[in-house]
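**Student:** Coordinates for the following, if possible.
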Amino acid sequence: MIIGITAPVAALALEWMPIGEKRTIWFQRSGAVTTLFSFLGAALAVVTSGRLYTPGSYGQLDKIEVLKEFKTQFIWAEIGLIVLSVLGTIIWGYGDLIVRQFLIYA
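**Tutor:** The predicted model follows:
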């Protein structure tokens with residue numbers, strides 16, 4: 001999630017783009033990175049919770065207790081990753097227009 005959030009911020013804040021490239025295009029491209037890392041994070045959350053307990057099968061009591069303890073964190077992580085993937089997709093599709101509309105230095 002941190003990489004997905006950092007990509008658009010870095011695209012706007014850092015001066016590391018090639019000569020002749022516009023900041024708006026780099027911000028738009030960062031949406032692809034945000035979307036990719038949000039999907040990777042969501043997959044990791046699903047795999048991790050699935051290792052703790054798989055519905056319809058027998059689980060070790062310790063794993064089920066750990067899942068119960070962290071269930072709220074898994075839910076919040078999944079919600080956050082869904083929101084991040086939607087924002088990344090919007091940035092990926094319309095990032096140049098967003099920057100031109102709201103930022104002066106575009």
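**Student:** drop to CA atoms for contacts and neighbour counts, all remaining ones
**Tutor:** Fine.
**Student:** For the residue most central in space within the chain, which residues are in contact?
**Tutor:** Using Cα atoms, centre = their mean, the residue of the chain that lies closest to the mean C-alpha position is Ser38, 2.9 Å off. By Cα atoms under 8 Å, 6 or more residues apart in numbering, Ser38 lies in contact with Met1, Gly4, Leu81, Ile82, Leu84, Ser85.
**Student:** Now go through those residues and say which are in helices.
**Tutor:** Gly4, Leu81, Ile82, Leu84, Ser85 (DSSP state H).
**Student:** Which strand or helix spans the residue nearest to the fourth one when sequence neighbours are not counted?
**Tutor:** Closest residue to Leu84 in three dimensions, ignoring its sequence neighbours and counting by Cα to Cα, 6 or more residues apart in numbering: Ser38, at 6.1 Å. Using DSSP states H and E, Ser38 falls within helix 23-52.
**Student:** centre of the chain versus stretch 92-102, how much separation?
**Tutor:** 18 Å (Cα atoms, centre = their mean, to the nearest Å).
**Student:** contacting residues around that stretch?
**Tutor:** In contact with stretch 92-102 (Cα under 8 Å, 6+ apart) are residues Thr24, Ile25, Phe27, Gln28, Arg29, Ser30, Gly31, Ala32, Ile91, Ala106.
**Student:** Fine by me, thanks again.
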